[in-house]
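Asker: here is my input; please provide its structure:
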Amino acid sequence: MQENIEQSARERVECKSGRRLNIFKLRLCFQKDCFSRWKQETIASHRIPREDDELPESDKRIVDQDVVIPAGFLIDIPNISQHIFPYLLTPERNLCIGNHANDIPEGEHRKRKLLILFIVHSRADNFEHRKVIRETWGTIGNRFTELIFLLGNPGNSTLQKVIATEHSIHADILQEDFAEVYRNITLKNVMGLKWASRECFNAKYIVKSDDDVYINSKLLISSLIRTETPRKNLILCKIHFFKNVPREGKYAIPKSIYSPDFWPSFCFGGCWIMSTDVVAKLYQMSLQTRQIYLDDVYVTGILRTKLSIPIRYLPRAYRLFCHAKGNSTMVRQMWNDFRDERKRQMVQGEEDAHIKLWSYCFT
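Answerer: Model (predicted):
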């Protein structure tokens, strides 16, 4: 009797968490078997969706119904958005080719078998954020992954010297000579696309993140390394459907720039996963497409739509990443909680090591 009561309580907690995290379904989960049905209707969470995977019919209708993009963004205008900012700092030369393929004789070009390049948007003065990532999720799978941080020019010589010192130690900063201000965030995104497509084309996947995001890199690596995971034409993320174009506040876009009231479907900017071929296509398309300063909308919404690249929904995204909303301490806490939860899971034989993370996730 006591076991049944405890099991029922656990299912109610899972049900409520499932309802909260699966936002766009907006289901009310009151029945005992709600969470079980929800799990059956979503794609298995420990692998990346394949091409033959399908969303539930209700979600498929949402994906298929997209919005019209203004003609001014769909017209190709050569060199309208040239990205010709000089580099101030670049990662070490052999970051992506490396010397990890030790079976290749010395003197010959050693092309590294790189699975993931993590490109992390970081504000110039966010030293602690970068330190936390280097000490937590950025340390996992170094043989198969690399990590770089994208910065603009802070316009402060003293701060720039500190950044240069940081880079001399870690050699993982990519910095161009454009002002480090929020309105230039699209330039930062395009910088990452440019460098990844030119200097790290042997990576199979590019994962874009922000410096206040915790990534379950171990689970991500194990998911992407599977042979059934698509290697081409892949954009995978938590999708924003039918988001209103803001006319007021921090993210305001006037009608004179973008007249429709809704954005095309686009990725949550905190974390998205792309195959490297897509990154190269997006960069080339950015050079002939008018820019807006909202980088997630611009890259994964407008550019993606122009290229007719499908966007794939990442179910139960909280398993792969959590947004700490500017709090680097919380990123470290997520890392510690996950490790502690994994240890408890191994001892008690429980299925899910993410319960503690649910209260932190803002995906």
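Asker: from here on, contacts and neighbour counts on C-alpha atoms
Answerer: Will do.
Asker: pretty sure Tyr298 contacts Ile292?
Answerer: Yes: judged on CA atoms under 8 Å, Tyr298 makes contact with Ile292 at a distance of 6.3 Å.
Asker: touching both of these two, which residues are there?
Answerer: Residues touching both Tyr298 and Ile292 by CA atoms under 8 Å, 6 or more residues apart in numbering: Thr186.
Asker: more neighbours, the two?
Answerer: Tyr298 (24 against 20; other CA atoms under 10 Å).
Asker: so that one belongs to a strand, correct?
Answerer: No: using DSSP: H, G, I helix; E, B strand; the rest coil, the assignment for Tyr298 is helix, not a strand.
Asker: what sits against it?
Answerer: Tyr298 neighbours (CA under 8 Å, 6+ apart): 186, 291-292.
Asker: any chance of JSON lines for those, columns secondary structure?
Answerer: Shown next, in JSON lines, are the contacts of Tyr298 (three-state DSSP):
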{"residue": "Thr186", "secondary structure": "helix"}
{"residue": "Gln291", "secondary structure": "coil"}
{"residue": "Ile292", "secondary structure": "coil"}
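Asker: which SS class is the most centrally placed residue in the chain?
Answerer: Residue closest to the average C-alpha location in the chain (CA atoms, centre = their mean): Cys271, at 1.8 Å. Taken by three-state DSSP, the conformation at Cys271 corresponds to strand.
Asker: what's near enough to touch it?
Answerer: Here Cys271 is in contact with 207-210, 213, 237, 321 (CA under 8 Å, 6+ apart).
Asker: got it, and Leu320?
Answerer: By CA under 8 Å, 6+ apart, the contact list for Leu320 reads 215-217, 219-220.
Asker: can you give me the helices in the chain?
Answerer: For the chain, applying DSSP state H gives helices covering 2-21, 34-41, 57-64, 71-74, 127-135, 157-170, 185-199, 217-224, 276-286, 295-297, 304-306, 328-348, 355-358.
Asker: rank those helices by pLDDT, which is bottom?
Answerer: For the helices of the chain, the weakest mean pLDDT is recorded on helix 34-41, namely a mean of 34.
Asker: picking up where we left off before, for the contacts of Tyr298, which one is nearest Ile309?
Answerer: The shortest gap between Ile309 and any of those belongs to Gln291, at 18.7 Å (CA to CA).
Asker: state the distance from the closest one to Asn126.
Answerer: As judged by CA to CA, to the nearest Å, Gln291 and Asn126 stand 26 Å apart.
Asker: so these two - more neighbours on which side?
Answerer: Between Gln291 and Asn126, Gln291 has the larger neighbour count (other CA under 10 Å), namely 19 against 15.
Asker: quick one, phi psi at that one?
Answerer: When quoted as degrees, to the nearest 10, the phi and psi of Gln291 stand at phi -100, psi 150.
Asker: return the residues in contact with Arg231.
Answerer: 204-205, 275.
Asker: export these to CSV and append columns for distance to Lys281.
Answerer: Converted to CSV, these look like this (distance: CA to CA, whole Å):
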residue, distance to Lys281
Lys204, 14
Tyr205, 14
Ser275, 10
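Asker: Throw the residues you listed into TSV and include neighbour count, pLDDT and distance to Arg130, thanks.
Answerer: Output for the contacts of Arg231, formatted as TSV (neighbours: other CA atoms under 10 Å; pLDDT from 0 to 100; distance: CA to CA, whole Å):
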residue	neighbour count	pLDDT	distance to Arg130
Lys204	20	94	24
Tyr205	27	96	21
Ser275	21	96	24
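Asker: strands - which of those residues land there?
Answerer: Among the contacts of Arg231, DSSP state E puts 205, 275 in strands.
Asker: and the contacts of stretch 199-208?
Answerer: Under CA under 8 Å, 6+ apart, the answer for stretch 199-208 is 96-97, 111-121, 196, 231, 270-276, 279.
Asker: which pLDDT value belongs to Ala179?
Answerer: Looking at Ala179, the pLDDT reads 97.
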